[in-house]
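**Student:** This is a predicted model, with the sequence first.
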Amino acid sequence: MAQEFEMIAKTFMGLENILAEELTQLGANNIQIGRRMVSFTGDQEMLYRANIQLHTAIRILKPIAHFKALSAEDMYDEVKKIDWSRYIGEGKTFSVDSVVYSEEFRNSRFVTYKVKDAIVDQFRENTGTRPNISVSNPDIRLNIHIAEDNATLSLDSSGESLHRRGYRQENVEAPLNEVLAAGMILMTGWRGETDFIDPMCGSGTLLIEAALIARNISPGVFRKEYAFERWADFDSELFDKVYNDDSQEREFQHHIYGYDIDTKAVNTASLNIRAAGLSKDITVTQQDFKDFVKPKEKAIIVTNPPYGERISTPNLLGTYKMIGERLKHAFGGNTAWILSYREECFEQIGLKPSIKIPLYNGSLECEFRKYTMFEGKMKEFREEGGIVKTEEEIKEMAQKHRFKKHRDFKQRLTEDEDNAEGDIRSFTFHSFEKDHLGRKRGERRELWGERRELWGESRETRDEKRGTRYRGSHNFKREDKRGGRVFDKRGGKSFDRKDRNRNNKKQNVNENFNNED
């Protein structure tokens, strides 16, 4: 029997339960849900399957050490105790990513340097030579996570973030993250039982992820490399078995439709769909949402309209008012799910949601709302056996603390207000460091004006207590992825996945392995 070991699957905030369900279906053991992660146990085959088959995982980590770190010296000593010759072979390069939530370790770069020093010093003392560091294309990627004084040091088996499926050829402005898109679809309970529609499809991320889910295609088959392929214990025969396993794929009896008002978006979506080999399942058409007509077959809408954050949209509130009008008059008898950010935008839809689910889209705490559309009056709908809210949805909505106590929505818009373009909707993972007020670095800029005001009032209050009037200015400083033909992104040509010889694959992949956590 193959030896089991601990693994950690990282994900977006709000997708932990969906990821746990995926792991259960995959056959993982000892599944435990945490914050933005799910831990589990399995063997080497499970490690490979988790990377290739999970739709909602960002990366898969293999912990090699857990320890207490009360100081920098403790961390250095604990890291140095590990026999690094087991993991980093002669002539191999490595890198370290740090994620830190600690009062003792406030700077993630400092943690990274300490871990690197301990590893390098061990090699220098034992062999007289040291391994080289490579940020852009390391042979071994390490990840250290510190929560107060609890440290976990892991091997990163994924490499670049798993949201980078490999099918995306071109982007539009502010594309939706693939992992978030898959999580949204799985959250609706849709698995291909009806038609699927995204009336504002952009580059087609929701469409492609929906097709992968409907046909149960592993999202990782488009990728050209995983970090574990460079490990000393890499089993190429086992990996090829997992990689070429299409036994769980199924036929999709319905169809997926995408629409967008922008010609460039339609062309981009079409290119990405062809690259994924899913043109048979997806049709994309240029069309304004205001011209949307009721579909002939039962369908579900899942869409991510503009928020007015990065994409500048004229008459943003009018757009949402139009969305509500089209849903009400052209989508009766079906269900729509909408992800958005601004409360005032949701208000313009003018429909009562049956459930609101908090989801993070990048740094923005958004809401994913379900609208059960029916024709006629509510009383008649219920008398005919219609259900607006399921028992599970009622329980979900009754939970306390589902959202932050103080929601960070922007100030209310007016019909004529220009749209802000400063924030992002695509996700970039990074380490969060807290300032002395306990606020994360990503929150500092948004709260800068508030902090100035608070500090100013505090200074003035002190001076008044001293019997003086505050007159001076205060200087504030900032702290700073189907068997068959698959598109080969590397050469722009299609290739047969089952005939792919990974042993002859070039290893000099000049990818920028950014820190996506």
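**Tutor:** All right, it came through fine.
**Student:** Helices of the stretch 151-300 of the chain, start to end?
**Tutor:** For the stretch 151-300 of the chain, applying DSSP state H, counting those that start in this stretch gives helices covering 178-188, 205-214, 236-243, 263-275.
**Student:** Deepest-packed of those helices, please.
**Tutor:** Ranked by mean neighbour count, the helices of the stretch 151-300 of the chain are led by helix 205-214 with a mean of 26 (mean count of other CB atoms under 10 Å). In short, each C-beta sits where N, CA and C put it, glycine included.
**Student:** list the helices and strands the lengthiest helix in the chain packs on?
**Tutor:** Within the chain, and with DSSP state H defining each element, the longest helix by residue count is helix 108-127. In terms of contacts (3 or more CB pairs under 8 Å, 6 or more residues apart in numbering; DSSP states H and E), helix 108-127 is packed against helix 72-81, strand 93-101, strand 140-147.
**Student:** Let me know the angle separating that helix from strand 140-147.
**Tutor:** Relative orientation of helix 108-127 versus strand 140-147 (axes from the mean of the first three to the mean of the last three CA atoms, to 10 degrees): 130 degrees.
**Student:** what's the following helix or strand after helix 108-127?
**Tutor:** Scanning forward in sequence from helix 108-127 by DSSP states H and E, the next helix or strand is strand 132-133.
**Student:** What residues does residue 118 make contact with?
**Tutor:** Counting by CB atoms under 8 Å, 6 or more residues apart in numbering, residue 118 touches 75, 76, 77, 79, 80.
**Student:** try it again with 7 Å
**Tutor:** Contacts for residue 118 were tallied using CB atoms under 7 Å, 6 or more residues apart in numbering; they are 76, 79, 80.
**Student:** Report pLDDT for the closest residue to residue 235 other than its chain neighbours.
**Tutor:** Nearest non-adjacent residue to residue 235, counting by CB to CB, 6 or more residues apart in numbering: residue 44, 6.3 Å away. Residue 44 carries a pLDDT value of 97.
**Student:** Isn't residue 119 up against residue 84?
**Tutor:** Yes: using CB atoms under 7 Å, residue 119 makes contact with residue 84 at a distance of 5.3 Å.
**Student:** need the contact list for residue 220.
**Tutor:** Applying CB under 7 Å, 6+ apart, the residues near residue 220 are 51, 52, 53, 162, 481.
**Student:** Would you check how far apart the third one and residue 239 are?
**Tutor:** With distances defined as CB to CB, to the nearest Å, the gap from residue 53 to residue 239 amounts to 13 Å.
**Student:** count of neighbours near residue 40?
**Tutor:** 24 (other CB atoms under 10 Å).
**Student:** Show me what it is bridged to.
**Tutor:** Taking DSSP bridges as the rule, residue 40 bridges to residue 7.
**Student:** contacting residues around it?
**Tutor:** 7, 9, 23, 28, 29, 30, 31.
**Student:** These, buried ones only, as a PyMOL selection?
**Tutor:** Here is the PyMOL selection string for the buried members of those, based on 16 or more other CB atoms under 10 Å:
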select buried, resi 7+9+23+28+31
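**Student:** and the closest residue in space to residue 42 that isn't next to it in sequence, how far is that from residue 256?
**Tutor:** Closest residue to residue 42 apart from its sequence neighbours, by CB to CB, 6+ apart: residue 28 at 5.1 Å. Here residue 28 is placed at a distance of 29 Å from residue 256 (CB to CB).
**Student:** For the stretch 1-150 of the chain, give me the ranges with low pLDDT.
**Tutor:** Scanning the stretch 1-150 of the chain for pLDDT under 70 picks out 1.
**Student:** Surely residue 371 and residue 327 touch.
**Tutor:** Yes: under the criterion of CB under 7 Å, residue 371 makes contact with residue 327 at 6.2 Å.
**Student:** who touches both of those two?
**Tutor:** 336, 351.
**Student:** Could you pull up the mean pLDDT of stretch 366-385?
**Tutor:** Rounded mean pLDDT across stretch 366-385 is 72.
**Student:** can you offset everything so residue one is 121?
**Tutor:** Noted, 121 is the first residue going forward, which turns the last one into stretch 486-505.
**Student:** per-residue pLDDT, residue 428?
**Tutor:** You'll see residue 428 listed with a pLDDT of 71.
**Student:** Run a quick check on it versus residue 436, I expect a contact.
**Tutor:** Yes: with contact defined as CB under 7 Å, residue 428 reaches residue 436; the gap is 4.4 Å.
**Student:** Those two: who's more crowded?
**Tutor:** The neighbour count for residue 428 versus residue 436, taken as other CB under 10 Å, is higher for residue 428 (26 against 23).
**Student:** Can you tell me the SS state at that one?
**Tutor:** When classified by DSSP: H, G, I helix; E, B strand; the rest coil, residue 428 comes out as coil.
**Student:** that older thread, roughly how far apart are the residue nearest to residue 162 and residue 282?
**Tutor:** Taking CB to CB, one finds residue 148 at 16 Å from residue 282.
**Student:** just residue 459 next, same as before
**Tutor:** Taking CB to CB, one finds residue 459 at 20 Å from residue 282.
**Student:** One more: residue 437?
**Tutor:** Counting by CB to CB, the separation of residue 437 from residue 282 is 36 Å.
**Student:** so what pLDDT did the closest residue to residue 391 other than its chain neighbours get?
**Tutor:** What sits nearest to residue 391 in space, not counting adjacent residues and going by CB to CB, 6+ apart, is residue 289, at 5.1 Å. If you check residue 289, the pLDDT there is 89.
**Student:** So what does residue 289 have for phi and psi?
**Tutor:** Backbone torsions of residue 289, given as degrees, to the nearest 10, read phi -100, psi -40.
**Student:** from memory it sits against residue 390, does it?
**Tutor:** No: with contact defined as CB under 7 Å, residue 289 does not reach residue 390; the gap is 10.1 Å.
**Student:** residues in contact with residue 446?
**Tutor:** Neighbour list for residue 446: 409, 410, 412 [criterion: CB under 7 Å, 6+ apart].
**Student:** Restrict the residues you listed to the buried ones and give me that as a PyMOL selection.
**Tutor:** Applying 16+ other CB under 10 Å to the contacts of residue 446, the buried members can be selected in PyMOL as follows:
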select buried, resi 409+412
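**Student:** and which of the contacts of residue 446 is nearest to residue 400?
**Tutor:** Within those, proximity to residue 400 (CB to CB) peaks at residue 412, which comes in at 23.4 Å.
**Student:** Check the contact between that closest one and residue 319; I expect there is one.
**Tutor:** Yes: look at residue 412 against residue 319 with CB under 7 Å: they come within range, at 5.5 Å.
**Student:** for residue 488, what are its contacts?
**Tutor:** So residue 488 contacts 304, 307, 457, 459, 477, 479 (CB under 7 Å, 6+ apart).
**Student:** let's go with 8 Å and repeat that
**Tutor:** By CB under 8 Å, 6+ apart, the residues touching residue 488 are 304, 307, 457, 458, 459, 476, 477, 478, 479.
**Student:** quick one: secondary structure of it?
**Tutor:** Applying three-state DSSP: residue 488 is strand.
**Student:** what's the closest non-adjacent residue to it?
**Tutor:** Closest to residue 488 by CB to CB, 6+ apart is residue 477, at 4.3 Å.
**Student:** Doesn't the one you found lie inside a strand?
**Tutor:** Yes: counting by three-state DSSP, one finds residue 477 located in a strand.
**Student:** wait, it sits on residue 307?
**Tutor:** Yes: contact criterion CB atoms under 8 Å: residue 477 and residue 307 qualify, at 6.6 Å.
**Student:** Much appreciated, bye for now.
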